[in-house]
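Undergrad: attaching a predicted model along with its sequence, questions to come.
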Amino acid sequence: MGNQYEDECRRSLAEEQAKSLAETNNWAHVDKDQVHRDWDVLYREIAACLDDSLPGDRQIQELVRRHFDITCRFYSPTREAYVGTALLYAEDDGMREFHNSYHPKMVEFLGGAMRVFADRGVGFAA
């Protein structure tokens with residue numbers, strides 16, 4: 001992935017999230033406690049099969065679909081914003097530490113799986 005595309009993804013994430021936050025009173029509509037419980041369950045499932053899977057495997061892509069669906073509780077991201085989320089997980093120290101607490105390779109693996117999911121393009125905002 002080239003730097004120009006990654007920059008576009010970072011910019012898309014920032015713009016789309018800022019717009020959504022402004023339009024929804026900081027995501028007041030989201031049950032954040034439930035989201036965190038759902039992500040916890042999901043990340044534990046991904047961690048359990050990560051060592052024996054590839055990011056594009058059907059089972060992993062089904063799990064990433066659940067990740068995408070949880071993300072959509074906040075806003076409907078474009079492909080670029082979703083890839084931007086994967087970049088955020090890798091580049092933000094707190095996000096990296098949180099995700100890698102489930103498995104030392106979680107950020108790297110999940111980022112790759114999210115990119116595969118985004119490349120397939122199903123369910124994204126225009």
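TA: Now that the structure is in, tell me what you want to look at.

Undergrad: so after the helix or strand hosting V83, what's the next helix or strand?
TA: Here V83 sits within helix 79-91, counting by DSSP states H and E. With elements assigned by DSSP H and E, the helix or strand that comes after helix 79-91 is helix 93-100.

Undergrad: tell me the buried residues in that following helix?
TA: R96, H99, N100 (16 or more other C-beta atoms under 10 Å). Where C-beta positions appear, they are placed from N, C-alpha and C, glycine not excepted.

Undergrad: dump it to PDB, keeping only the CA atoms.
TA: C-alpha atoms of helix 93-100 as PDB (Å, rounded to 0.1, in the frame of the first residue of the first chain):
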ATOM      1  CA  ASP A  93       0.300   3.500  20.900                       C
ATOM      2  CA  GLY A  94      -2.800   3.100  23.000                       C
ATOM      3  CA  MET A  95      -4.800   1.300  20.300                       C
ATOM      4  CA  ARG A  96      -1.900  -1.000  19.500                       C
ATOM      5  CA  GLU A  97      -1.400  -1.900  23.100                       C
ATOM      6  CA  PHE A  98      -5.100  -2.500  23.600                       C
ATOM      7  CA  HIS A  99      -5.500  -4.700  20.500                       C
ATOM      8  CA  ASN A 100      -2.200  -6.600  21.100                       C
END
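
Undergrad: other SSEs contacting it?
TA: Identification of packing neighbours for helix 93-100 by 3 or more C-beta pairs under 8 Å, 6 or more residues apart in numbering; DSSP states H and E yields helix 79-91, helix 106-120.

Undergrad: I'd like these as a markdown table, with mean neighbour count and mean pLDDT appended.
TA: A markdown table is the format used below for these (neighbours: other C-beta atoms under 10 Å; pLDDT from 0 to 100):
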| stretch | mean neighbour count | mean pLDDT |
| --- | --- | --- |
| helix 79-91 | 21 | 97 |
| helix 106-120 | 20 | 97 |
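
Undergrad: what's the longest helix in this structure?
TA: Ranked by residue count under DSSP state H, the longest helix found in the chain is helix 3-23.

Undergrad: off-centre distance for it?
TA: 13 Å (C-alpha atoms, centre = their mean, to the nearest Å).

Undergrad: that helix packs against which elements?
TA: helix 79-91.
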